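J.: Predicted structure and sequence below. I'll ask about it afterward.
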Amino acid sequence: MAFRGPGGRVTNLALLVALLLAFATGVGAVASGSSGGRWVVIAHGVVAMAVVVLVPWKGRVVRRGLRRARHTRWLSLLLAVLAVTTLLTGIGSTTGLVRSVAGALGMWIHIAAALALLPLVVWHVLARRARPRRADLSRRTLIRAGLFAGTAAGLYLAQSAVVSVAGLPGAGRRFTGSYEAGSFDPDSMPSYIWLDDTTPTIDPQRWRLTVSDGSTTREVTLRDLSAFDTRVRATLDCTSGWYAEQDWAGAPVRALLPHTGHARSLLVHSTTGYWIRFPVRDLDHLLLATTVNGTPLRPGHGFPVRLVAPGRRGFWWVKWIDRIELTSTPWWWQPPFPLT
Ligand code: HEM
């Protein structure tokens with residue numbers, strides 16, 4: 001007898017679980033910057049392959065559904081288009097075969113399509129509830145789920161093997177999925193901005209850094225900061241899918257804030273209004289960089305001062321800093337990703 005695959009209800013439930021896991025691990029993948037986070041990126045690849053495995057079964061469900069006329073059909077079709085876009089841009093980025101579409105970075109399209117997909121998935125599930133049954137927790141279902149997860153993991157390994165054996169561009173990407181761009185050559189390093197900031201024009205003579213330890217505040221000039229020459233080799237890994245290793249130099253944050261007292265976090269603020277909160281335990285690793293590879297930072301790279309936060313993704317590396325401040329607020333009291 002031919003293998004008929006899972007029924008519509010099981011396919012829908014499995015796809016829902018896979019999409020939610022893909023979303024959660026995808027967010028984890030762009031948050032991870034040190035090698036400890038590698039497993040999240042691998043998990044994302046495996047879960048994404050689970051979605052791919054489910055595509056043919058879901059195709060049958062969709063074909064049946066299209067026979068019924070529904071006025072919300074266009075929303076379901078939009079959902080399908082976004083899901084396919086997410087899958088194709090993900091695979092395009094991972095293999096390196098399609099890294100940009102019409103001048104837009106594939107990874108940005110991937111993330112934007114996935115974010116747009118989420119509310120549609122929620123609507124779709126509420127509109128067509130596939131209710132779990134007690135039998136879904138049976139031993140048989142668990143064995144099937146295990147086989148299914150094994151197939152997805154096998155597909156992920158097969159794809160990774162093809163990428164490295166065929167020498168596809170994806171073979172050279174970092175564990176976060178990012179591609180090298182402009183290492184030790186800051187002029188060719190991209191200068192992306194998190195969401196809606198624009199590069200400010202800063203007069204170095206008038207610029208001041210406000211340093212506050214929670215009880216006292218002082219101002220530091222660029223000349224004061226340039227007197228430090230602490231060097232750090234660190235990798236800037238941008239969430240838009242590129243990374244660059246550089247030799248940064250400047251003032252260690254610890255030199256400006258030697259005593260943390262009862263402070264719980266360090267707020268790093270930019271002239272643009274952008275800010276990020278770090279746990280105080282990070283203080284020993286943070287550098288206020290004034291030069292990169294021996295030359296002053298370019299405006300797009302954060303002139304006059306940007307933060308170097310080794311092991312953290314690019315959105316933590318605040319540019320155009322104008323204030324650092326120890327506070328009693330816990331570091332996690334902020335959105336997981338900056339909102340502007
Ligand atoms: C919700 C549905 C999502 C689906 C179906 C999906 C699907 C995929 C696929 C198919 C790949 C290629 C994996 C491979 O070929 O091994 C991929 C890679 C990737 N995705 Fe997603 N994704 C989703 C959401 C997200 C989100 C929300 C983010 C980030 C916020 C994200 C970030 C990434 C990253 C960083 C990679 C590259 C990983 C690498 O190169 O190893 N994804 N995704």
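T.: Here it is on my side, so go on.

J.: Count residues in the vicinity of A152, would you?
T.: A152 is flanked by 21 other residues according to other C-beta atoms under 10 Å. Where C-beta positions appear, they are placed from N, C-alpha and C, glycine not excepted.

J.: unless I'm mixing things up, it is touching A43, no?
T.: No. Counting by C-beta atoms under 8 Å, A43 is not a contact partner of A152; they are 10.5 Å apart.

J.: Which parts of the stretch 151-300 of the chain are helices?
T.: Using DSSP state H, counting those that start in this stretch, the helices of the stretch 151-300 of the chain run over 222-226, 253-256.

J.: residues from the protein in reach of the ligand?
T.: Within the chain, the positions adjacent to the ligand are 19, 22-23, 26-27, 29-30, 41, 44-45, 48, 51, 86-87, 90-91, 93-94, 110-111, 114, 117, 156, 159, 173, 177 by C-beta under 6 Å from any ligand atom.

J.: List the residues that contact the closest residue to the ligand within the stretch 151-300 of the chain.
T.: With C-beta to the nearest ligand atom as the measure, G177 is the residue of the stretch 151-300 of the chain nearest to the ligand, at 2.7 Å. The neighbourhood of G177, defined by C-beta atoms under 8 Å, 6 or more residues apart in numbering, consists of A29, V41, S93, T94, M107, G241.

J.: Point out the other helices and strands that the one helix or strand R60 maps to packs with.
T.: Assigned by DSSP states H and E, R60 belongs to helix 38-66. The contact analysis (3 or more C-beta pairs under 8 Å, 6 or more residues apart in numbering; DSSP states H and E) places helix 38-66 against helix 8-31, helix 73-95, helix 139-165.

J.: can you list contacts of the next helix or strand along the chain from the shortest one?
T.: Using DSSP H and E, the helix or strand that follows helix 73-95 in sequence is strand 100-101. Taking contacts as C-beta under 8 Å, 6+ apart, the residues outside strand 100-101 that touch it are T89, G92, G106, I109.

J.: again, but for stretch 292-306
T.: The contact list for stretch 292-306 (C-beta under 8 Å, 6+ apart) reads 184-187, 189, 191, 199-202, 204, 207, 209, 222, 225, 246-250, 288-291, 317-321.

J.: And it, end to end?
T.: Using C-alpha to C-alpha, to the nearest Å, one end of stretch 292-306 lies 10 Å from the other.

J.: What residues sit buried inside it?
T.: V292, L297, H301, G302, F303, P304, V305, R306 (16 or more other C-beta atoms under 10 Å).

J.: so what does the longest strand anywhere in the chain touch, helix or strand wise?
T.: Longest strand of the chain, by residue count under DSSP state E: strand 242-252. Where contact means 3+ C-beta pairs under 8 Å, 6+ apart, strand 242-252 is packed against strand 179-180, helix 222-226, strand 230-238, strand 287-292.

J.: how far off strand 230-238 does the last one point, in degrees?
T.: Orientation note: strand 287-292 sits at an angle of 90 degrees relative to strand 230-238 (axes from the mean of the first three to the mean of the last three C-alpha atoms, to 10 degrees).

J.: How far away from the center of its chain is strand 287-292?
T.: Its chain's C-alpha centre and that of strand 287-292 lie 24 Å apart, by C-alpha atoms, centre = their mean, to the nearest Å.

J.: That one relative to strand 242-252, how many degrees between them?
T.: Interaxial angle, strand 287-292 versus strand 242-252 (the same axes, to 10 degrees): 110 degrees.

J.: Direction included, what does strand 287-292 pair up with?
T.: Sheet pairing for strand 287-292, assigned by DSSP bridges, gives strand 242-252 (antiparallel), strand 295-296 (antiparallel), strand 306-308 (antiparallel).
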